[in-house]
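J.: build me a model from this:
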Amino acid sequence: MGLLTIFRQLHAWLYARYVAPARLTKRRAQRLVIHKISDVGHIATASLHLDHNLSSERLSCSAFVVRYATHYQGKQQASAVPESPDSKFMPLLTALDLRQYATHQDYLRAIRKHSGYFLRNVKKANREGFSVRSFVEADFARDMFDIIGSKKNSTLHVNHSTQTPLGEHPGPFSDEYCSQHWERLFGVFSNDPQPRLVAYARLRRFGNIVACQDFIGHQTHLNSGVMKLLLSEIMRWLIDSGDPETREVDFFGLGTLEYANDGLFFWKKKALFTPWRVELEKSPMPEGWDPERYLQNNPDVLAAGADPVSHYLRHGKFENRSF
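T.: Next up, the predicted model:
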């Protein structure tokens, strides 16, 4: 291994260990002030439950449980002790509390009090003929690629035959359907003879939270209000549709407070997303379980490059592995 490689690895480790947490901690403090919150201890707690029995034979649900248990255990825990200088930085979830809104109109009225332009942009997108529909990823992979690279390439090509009304969509696993654990893609389409996909969101339900993993629009259409229309229609579906897949969903999450850039941070604030600490009601992991310690105690798992949470839930707990 060359000296330059060693230097780069050391630099990356020092940045991740000291510089990044310091910057994120400072950014958190600044953004909490903007949210008029004086301290992390004053932030509300989002109680998230897996709503799934790990002994179930539905492996697709087990995969979701394993993946998202890890994801949300990486957020600021309501029961956590105050952070020490050696603590791993835990970001804050940003989410909408859907329980506050009886109807989609209630949400729009709440937004109107904070940002009139937000709704004007929704109306603008409607006037220009954009609409929101669910879609199948395999049929729009080219379009999604174009959206991601839209600053360099604005060409779009859409097979519109797979478009379905919002809410009318197949399950992620046709033979193992579950209303509690799913993934859905919703997109904004242009009003053309052959409609084009110009923006999309990837949603995943995990018990009582729907998390937005991707939320991105084509560069040439951002000024048309397509992202605000997309959010509005997703909220309409979550609140008003009565779809079995949206029942008992309490939160709609979109990233974290600290990692979002300034533009996205203020965009989410205008859309009424607020910071939350996390509490897992049914954590599948035993008390005191630590992924790094699990890998240290089980070098074969480390050598195999296996995900520690997934390995423990699927194998380690049954083999009485040390953690």
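J.: count the neighbours of residue 3 for me.
T.: 7 (other CB atoms under 10 Å). All C-beta atoms are positioned from the backbone trio N, CA, C, and that covers glycine.
J.: same thing with residue 181?
T.: 27.
J.: so it makes contact with residue 205?
T.: Yes. If you go by CB atoms under 8 Å, residue 181 and residue 205 touch, sitting 6.1 Å apart.
J.: where are the low-confidence patches of the stretch 101-250 of the chain?
T.: 151-177 (pLDDT under 70).
J.: swap the cut-off to 90 and go again
T.: Where the stretch 101-250 of the chain drops to pLDDT under 90, the residues are 113-117, 139-140, 150-183, 192-194, 205-207, 213.
J.: all helices for it, in order.
T.: For the stretch 101-250 of the chain, the helices defined by DSSP state H, counting those that start in this stretch occupy 104-114, 116-127, 141-148, 226-240.
J.: can I get the ones you listed in TSV with mean neighbour count?
T.: As requested, those are exported to TSV (neighbours: other CB atoms under 10 Å):
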stretch	mean neighbour count
helix 104-114	14
helix 116-127	16
helix 141-148	17
helix 226-240	22
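J.: any chance of TSV for those, columns distance to residue 198?
T.: Compiled in TSV, these are given as follows (distance: least, CB to CB, whole Å):
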stretch	distance to residue 198
helix 104-114	22
helix 116-127	10
helix 141-148	7
helix 226-240	6
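J.: so this protein: which segments form each domain?
T.: 99-248, 290-323 (automatic domain parsing).
J.: buried deepest among these, which one?
T.: The highest average neighbour count among the domains of the chain, using mean count of other CB atoms under 10 Å, belongs to domain 99-248 at a mean of 17.
J.: include distance to residue 75 when you put the domains of the chain into a markdown table, please.
T.: Formatted as a markdown table, the domains of the chain follow (distance: least, CB to CB, whole Å):
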| stretch | distance to residue 75 |
| --- | --- |
| domain 99-248 | 11 |
| domain 290-323 | 14 |
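J.: residue 21 is nearest to which of those?
T.: domain 290-323 (15.8 Å; CB to CB).
J.: isn't residue 227 right next to residue 217, touching?
T.: Yes. Under the criterion of CB under 8 Å, residue 227 makes contact with residue 217 at 4.9 Å.
J.: leaving out the residues flanking it, which one is nearest to residue 188?
T.: Spatially, and ignoring its direct neighbours in sequence, residue 188 is nearest to residue 199 (4.1 Å; CB to CB, 6 or more residues apart in numbering).
J.: quick check: bridge partners of that neighbour?
T.: Here residue 199 sits in beta bridges with residue 188, residue 217, going by DSSP bridges.
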